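S.K.: With the input below, show me the fold.
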Amino acid sequence: MPDTPPCQALPAAAPPPAPDDDALMRAFAAGDRGAFDRLYDRHHAALYRFVHRLLGRQAGTQADEVFQDTWLRAIEARQRWQPQGASFRTWLFTLAHHRAVDCLRRSGRETALDEDDSGPPFEPAATAWADWPAPTAEEAAHWRAAGRRLLDCLEGLPLGQKTVFLLHHDDGLSVDELARTLALGFETAKTRLRYAMSKLRTCMGAYLPGPAPP
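M.R.: Okay, the predicted model is just below:
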């Protein structure tokens, strides 16, 4: 009797890809509460950080109020929400920006809305902020201090400049996307980002990486 080849196990089926944010928002609008839980799990930490950086350390309970109200507005908008040119997270951050403006005006902190675009134009240097070297063990204390300094510097920016900087560097929006998302002219968005970068670079001072060695 000829030998029978051993049975080979079939390869395990690959798990289905996770639904994207647009699919989750549509599912939530159709009544799937679990879809909202997944959206919240994906984005709550980034949104919380964005709101706190936007309003600054003097915001107190305002930051929590804006964070919670942003999610409430997202819930209320679920039936009429449609995918836009920007991502769901950008849409969420934009809701937070508008809510922060309302909160500042109501609390009398209108001075934070001053755009203050005076000063010489600034072109970002070739080395992008995202390209800063990762801290080594020996540099950890230095870069922790740099992070604290950056938060201090962010607090000194007008709200409009702070918003475009955070959306550009935290959410990866281009200048054109910033203009569309915030309903700004292209040159206005570009100018705000230029001055935000200029002020932050000046404020960061010695914490910026020096030129590469020859």
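S.K.: can you pull out the helices in the chain?
M.R.: Under the criterion DSSP state H, the chain contains helices at 21-29, 33-55, 61-76, 88-107, 140-155, 159-170, 175-181, 186-204.
S.K.: Show me the domain layout of this protein.
M.R.: What the record gives for the chain is the domain set 21-110, 142-207, from automatic domain parsing.
S.K.: where does this structure dip in pLDDT?
M.R.: The chain contains residues with pLDDT under 70 at 1-17, 57-60, 84-86, 107-144, 146-147, 206-214.
S.K.: cutoff 50 now
M.R.: Applying pLDDT under 50 to the chain picks out residues 111-135, 210-214.
S.K.: for residue 92, what are its contacts?
M.R.: Residue 92 is in contact with 43, 47, 70, 74, counting by Cβ atoms under 8 Å, 6 or more residues apart in numbering. In this view, the C-beta of every residue, glycine as well, is placed from N, C-alpha and C.
S.K.: May I see those organised as CSV, with distance to residue 178 and neighbour count added?
M.R.: Below are those laid out as CSV (distance: Cβ to Cβ, whole Å; neighbours: other Cβ atoms under 10 Å):
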residue, distance to residue 178, neighbour count
43, 19, 19
47, 18, 21
70, 19, 23
74, 20, 22
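S.K.: from the residues you listed, which is closest to residue 159?
M.R.: residue 70 (15.5 Å; Cβ to Cβ).
S.K.: Could you pull up the contacting residues of the residue nearest to the closest one when sequence neighbours are not counted?
M.R.: Using Cβ to Cβ, 6 or more residues apart in numbering and skipping residues adjacent in sequence, the residue nearest residue 70 is residue 96, 4.4 Å away. Contact partners of residue 96, counting by Cβ under 8 Å, 6+ apart, are 47, 50-51, 54, 66-67, 70.
S.K.: Next, find the distance separating residue 96 from residue 171.
M.R.: 11 Å (Cβ to Cβ, to the nearest Å).
S.K.: Just the closest of the contacts of residue 92 to residue 185, please.
M.R.: residue 70 (25.3 Å).
S.K.: All set now, cheers.
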